[in-house]
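# Whatever this is, show me its structure:
(3 chains)
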Amino acid sequence: MVERATPLGADFKPGSYGDFADGIGITLSAPPSGTIVEATAWPGRERALAARVGKVVGLSLEAGAGAGAFKETGAAAFNIGPGRFLVSGRNEVLADRLIGAVPEETGTLTDLSHGRTRLRVEGARAEWVLAKLFALDFSSAAFPVTEGRATAHHDYFVQIQRTGDQRFELYVFRSFARAFVSVLRRAAEDVGYRIE
Amino acid sequence: MSPRRSASGGSIDRLRTIRFTFDGEAYAGHAGDTLASALLANGVRLVGRSFKYHRPRGVFTAGIDEPNALVTILRDNVREPNIPATRIEIYDGLRAESQNRFPSLAFDLGAVNRLGGRMLGAGFYYKTFMGPAVGPLRSTRFWMFCERFIRRAAGLGRADHAPDPSRYERMNAFCDVLVVGGGISGLMAAEAAARAGKRVILAEQEPETGGFALWSGETIAGKPAADWARTMTEKLAALDNVRILPRTTVWGHYDGNTLAALERIGDHLPKTPKGHPRHRHWTIRAGAVVLATGALERPIAFPGNDRPGVMLAGAVRRYAGEFGVLCGDRTVFFTNNDSAYQAASALKRAGGHVAAIVDVRRTISEAAAALAAEAGVVPLTGQAIVETRGGRQVTGIVVQPFDAATGALSGDARPVECDCLAVSGGFQPVIHLASQAGAKAEWDETMQAFLPPAPGQHWRGAGSFLGDMTTAGALETGRDAGLWASGKKPSRAKLPETGAPPIDIAPAPVFEIRGKGKAFVDLQHDVTADDVRLAHREGFVSVEHLKRYTTLGMATDQGKTSNVPGLAIMAEARGISIPEAGTTRFRPPYAPVSIGALAAERYGDLKPDRLTPMHDWHVEHGARMMEAGLWHRPMIYGAPGETVEQAYIREAGAVRRSVGIVDVSTLGKIAVKGPDAAEFLDRVYTNMFSTLPVGRARYGLMLREDGIAFDDGTTWRLGENDFLMTTTTANAGPVMQHLEYVLDVVWPDLRVHLTSVTDQWASAAIAGPDARKVLEKCVAGTMVDNEALPFMGIVRGTVEGAPVMICRLSFSGELAYEVYCGAGHGLHIWEALMDAGEPFGITPYGMEALGTLRIEKGHVTGAEIDGRTTARDLYLDWMLSKKKPFIGSGLMDRPGLIDRNRIRLVGVISLDGQPLGGGAHIVEGGSLDDLGQSIGHITAFCYSPALAKYIGLALVKGGKARHGTRAFVSDPLRKRFGPVELVSHHFFDPDGRRMHG
Amino acid sequence: MLISCPHCGPRDLAEFSYQGDATRTRPDPASTDTQAWHDYVYARPNPAGPHREFWQHAGGCRAHLLVVRDTLTHEIHSTALARPSRAGGETA
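Sure thing, here's the model as predicted:
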């Protein structure tokens, strides 16, 4: 296996940044993308697709708008559009297994393991920092843990899953990832942040 | 302790001294002071010169409505002009300057404009600078000629050219209840909503919540109102569901209960903390809105009403109550309502001396008379001020008997000495945000003010916004509005007791005292009552015309003190009532907003940098990058000492001679999957894709519905129902959107899924006679010979352990392949190809060489598919299938689109050995001085190493019919004129032997 | 302004792209009636009042919506997914 290069560049290096004198507001990390697959069901087959995809990654996945599930071991899936899910896992070969598991009459799958970059934003000020970029209500009541949202910040399309009270996983287009991280870092400077 | 500072009282911290400068002079104030209060405490009266006439001006108000005391703040080597001194919290080291004066504030040369006062009246610019009808300075040219001189004489502060080093940011917020205004009613509303468990945002434009309570001197619930407000604020601040935003002005009320606010974070600090913004722009989406925005006092227009020392009565009261500042040693009050009596009594309590109260009304209420007695004066009723005396500050006034019903002055005028004149002409609720939400204000005869209309579906008003100026009213309406916003019924619970005299602030309908001398309506734009009447005489009678003709209310204060008086004077001139004269609808912003806050993170080039997986390699290897949409692409890989032209000629030459490599990862890529994918492609492309075998690619062309060419690219059939479409770099987004549209809207029955995979794949094109040899050296798992990989064939294999997909297609006209791999392997594959190509002298090439190669081949790109050309214009007729309809087939045969004399694609050869220019016209004759009629234009040009000539592509009338003819390239802008030959656009290897070889 | 996406819920206007008049009917693909094509591509009623139009939630779920919007007040009367097979009924 050839190791995949990160798009984030040399500036993305561990350390504490911004105004962290009073503590670290968020921690920013880029877990390895592993497998990222977009799975789309034909109309009426949404539940079947969710079930099949969920089975492969070991999640109980609902088909509704924004619904999602994840495991601390790395598998995650959430709805990003009508009949459309973003499914991810740590294992790079998961993509082939997923694609093999969904028959053509249920839907289609497209491997995006290289095409999306996963970023993790975690910490007490995660909602604050993300609210600078996205016109989304990040409160737990409006955006509960496990759910996902497809949204945008100017030219950046971003899909977000909440995986903890103070933790969000962001999926951005790879070619935008470096620029997006610089935007995110700038937004986090007032609360202080750490890169891990 | 300064002479004008009371010994105690107010919210300032007398133990903390803060030092600042104004016009270079050092002053001291206290923590809690504004620049205005600190200057007044220091006895500084003259703070600015007026807009047109350079008249001396002083602090007029105590808040956001300030028209006069605009200053420039010097900070971090940046000048920020036109900031009201009433809105500046002083900090150690603050540097402020007065404006619109030369050489100094006290001695101002521009003040000669005052002598020409008549000339600079309303409509002055329009009348004087319309300019002659003919000649070099005709119409607006004359204005432009004169403008530069006028701009120096009339105006406000001078902006800076230096970049603003401050940072700004934007924030999105959601809440159940937004309370705008943290005064008494706002605090009550926020508390009621917070108790109901709602998510509450309370925005207050001042540094501290409390509003009127902070300086009223009244009591609430048995304690000083200011203490009550502070206790309320502390209680609210401790709640998880309440966010209090001080120094935050809500300035826009938009559709869907979206409100815009500006939070000033760093302006009051000597230094903004690291990483924190100076201003934060809030976009607040609220379930319900409580408008507790208060009311603003308005002045009365009378001769000399702009002299420093003339202020609003409420401001004099606030300076005494909140800042412990006595605005004068002898203060005269002038009023048409009872509120001035409260102000006078408050001033007296704070240690000031009230010289007189002049009231236009003949009789006053008992409460007012009692307050006058407290202030130690007998009010001069039925009188008006007809003149102010003094130079750079008021030293006295002249009073004359006045009939409020007729506006007539009679009897003897007599002078009264004073050094401060406090004026109250009534109150106007701040209805801006309600008006912005679409509500039309209603004139209230009693209050002589525009009151907010019935509330909207999503907002309620509270407090003096409703026209009730009492503390008791604010407590009640605030709580009710908070309960309403929480979906609750009004409460009957007892409200806190208040201690305030029962006065009536309904004013007599007097807006102007007509006498000799300028009576200002709009202090900031120097618009007088006579200007309003002049506008009327000249026919500018509607409110909108009045505003534009006189510029009344169009200054940075947006007429907060002048709109209603101006309207009243116009109504009187027209002999109609004020509501008949109308009111203007308020538009955002309510108060000035820093441009930086609106731009926030969008500064610099405004665009994100989109980078390919090989980006860093390009930069490390000397590439000069260029922008292509959001993408960064190598333009050339410059060797030391090379010009751009030398570099691309070298790079393109290497491709023709041996082999070159170019990063084409930026091409748009869309996965098209599903049982109807082939059918779908047949409908969106002009040519057939259902017949394409698996493992093959085909060049495709898309039209728009109107028959104009839209985009081109190759689409690869990876499986029966699995296609990989490529688009041009620039059109990736629009093509995706177009395809999504037709699937959602036009053919919802087709079972096709689209996914953008542009970022999934890295791709490198290797081109040149040695391209195959390079692949042979590094590709495993597949053969790449002509049989295994024919033209437009696709194979899969690996390169150095990473999976690749290779398609043999050519943009350069050479034997060429596009090698696709996962983006994360892009650099790995690129370096492997470079290694494999090393024996053949593989040369990385950039956009310039890519362009050169395609021009030599006559391949079209976005320069030719420019949104105006048809397939036929580009000689792509062969791609228009006759066997099936497709998008655009319905309209592409319209007569205007098939006319052979349209501008169509040709090749151009420079005959004088000089370069052509992109966008240059093609003409049939003439010269640089005598431009001929254009018959078309150059779309792309280069030096062709293959032809050893400057060549180009052009769209020229008649196209092919002109092959072999001569014309001229004409580019007056770049002083280029020269002979060209029009030829076939297939300059090089027209039969395509090289790429098929 | 907020648009209520039937899939994602209320979202900021910035996430949406206007995608044109929704009152048109596309002629049969094989039609050679130029007038019908012309009307489909160019003819627009431009009403002052409620108007049916397509919007794409481009910065979100990517679905096209059928939106009834008042061109005078900007009030949005209803939104629904444009693709009928996905529609779950119009939302108020």
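
# which residue packs closest to B:R854, ignoring adjacent ones?
Spatially, and ignoring its direct neighbours in sequence, B:R854 is nearest to B:F811 (5.7 Å; CB to CB, 6 or more residues apart in numbering or on different chains). All C-beta spots, glycine's among them, are computed from the backbone N, C-alpha and C.

# which residues of the stretch 651-800 of chain B fall in strands?
Applying DSSP state E, counting those that start in this stretch to the stretch 651-800 of chain B gives strands spanning B:660-663, B:668-673, B:696-703, B:709-719, B:722-727, B:753-756, B:761-767, B:779-780, B:794-799.

# sorry, that was for chain C
For chain C, the strands defined by DSSP state E occupy C:2-5, C:9-12, C:17-21, C:50-56, C:64-70, C:76-81.

# May I see these arranged in TSV, with mean pLDDT as well?
Below are these laid out as TSV (pLDDT from 0 to 100):
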stretch	mean pLDDT
strand C:2-5	94
strand C:9-12	94
strand C:17-21	96
strand C:50-56	97
strand C:64-70	97
strand C:76-81	96
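
# closest to B:S690 out of those strands?
Nearest to B:S690 among those is strand C:64-70 (25.4 Å), distances taken as CB to CB.

# Tally up the residues packed near B:I951, please.
28 (other CB atoms under 10 Å in any protein chain shown).

# Give me the pLDDT value at it.
Model confidence at B:I951, expressed as pLDDT, equals 98.

# The residue most central in space within chain C - nearest residue in space that isn't next to it in sequence?
Nearest to the mean C-alpha position of chain C, by CA atoms, centre = their mean, lies C:F54 at 1.6 Å. In this structure, C:F54 finds its nearest non-sequential neighbour in C:Q19, 3.9 Å apart by CB to CB, 6+ apart.

# Tell me who's in contact with the one you found.
B:737, B:741, B:745, C:53-56, C:64 (CB atoms under 8 Å, 6 or more residues apart in numbering or on different chains).

# how does it look with 6 Å?
Counting by CB atoms under 6 Å, 6 or more residues apart in numbering or on different chains, C:Q19 touches B:741, C:54-56.

# Tell me how many other residues surround residue 69.
Because you didn't say which chain, this covers chain A. That count, for A:A69 with other CB under 10 Å as the rule, works out to 21.

# Please refer instead to chain C.
Neighbour count of C:R69, defined by other CB under 10 Å: 21.

# same question, B:H161
Other residues near B:H161 come to 7 when the count uses other CB under 10 Å.

# Check it and give its pLDDT.
pLDDT at B:H161 comes out at 84.

# and the gap between it and A:P7?
The gap separating B:H161 from A:P7 is 37 Å, by CB to CB, to the nearest Å.

# Any idea which residue is closest to the centre of chain B?
Most central in chain B (CA atoms, centre = their mean) works out to B:L598, at 5.2 Å.

# how about B:F212, phi and psi?
According to degrees, to the nearest 10, the main-chain angles of B:F212 amount to phi -60, psi -30.

# how near is it to chain C?
Separation of B:F212 from chain C (CB to the nearest CB, to the nearest Å) stands at 34 Å.

# now swap in B:F427 and tell me
Counting by CB to the nearest CB, the gap from B:F427 to chain C is 31 Å.

# Contact residues of chain C facing chain A?
C:7, C:12, C:15, C:59-63, C:85-86 (CB under 6 Å from any CB of the partner chain).

# And for B:I636, the neighbour number?
Neighbour number of B:I636 under other CB under 10 Å is 26.

# so it sits right up against B:L850, yeah?
No - using CB atoms under 6 Å, B:I636 is not in contact with B:L850; the gap is 10.4 Å.
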